[in-house]
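# Sequence and predicted structure below; questions after.
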Amino acid sequence: MTAKREIEFMHGPVRQLTRSQLRTIIFEYVEVFYNRERHQAILGHLTHADYYATAKVA
């Protein structure tokens, strides 16, 4: 699923949002959802944040 589809699923049609709203939504999507909550199979089913925290310790 693309980021646009995920954002539209959570917030509705992108065309109805202002540029400021869209910028905030994209930032929150990347920094909060994608990096901290969304598990990635290629990273051993860890989130990006968990993967990098583990890599720094090792």
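Perfect, I can see it now. Numbers count the residues shown, from 1 in each chain.
# middle-most residue in the protein, spatially?
Among the residues of the chain, the one closest to the centroid is Tyr34, at 2.4 Å (CA atoms, centre = their mean).
# Count the neighbours of the residue lying closest to that residue once chain neighbours are set aside for me.
Nearest non-adjacent residue to Tyr34, counting by CB to CB, 6 or more residues apart in numbering: His48, 7.1 Å away. Every C-beta, even on glycine, is put in place using the N, C-alpha and C of the backbone. Look at His48: counted by other CB atoms under 10 Å, it has 16 neighbours.
# pretty sure His48 contacts Asn35?
Yes: the criterion here is CB atoms under 8 Å, and His48 meets it with Asn35 at 4.4 Å.
# any idea how far Arg15 lies from Glu6?
Taking CB to CB, to the nearest Å as the measure, Arg15 falls 16 Å from Glu6.
# oh sorry, the question was meant for Gln21
Taking CB to CB, one finds Gln21 at 16 Å from Glu6.
# Mind pulling up the pLDDT for His48?
For His48, the pLDDT comes out at 81.
# Low-confidence regions, this structure specifically.
Applying pLDDT under 70 to the chain flags residues 1, 57-58.
# In terms of packing, which of Arg15 and Glu6 has more residues around it?
Taking other CB under 10 Å, Arg15 and Glu6 do not tie; Glu6 has more neighbours (14 against 7).
# For the more buried one, which non-adjacent residue is spatially closest?
For Glu6, the spatially nearest residue (CB to CB, 6+ apart) is Tyr29, at 7.1 Å.
# I'd guess that neighbour is in a helix, am I close?
Yes: using DSSP: H, G, I helix; E, B strand; the rest coil, the assignment for Tyr29 is a helix.
# residues near Ile7, how many?
Per other CB under 10 Å, the neighbour tally for Ile7 reads 19.
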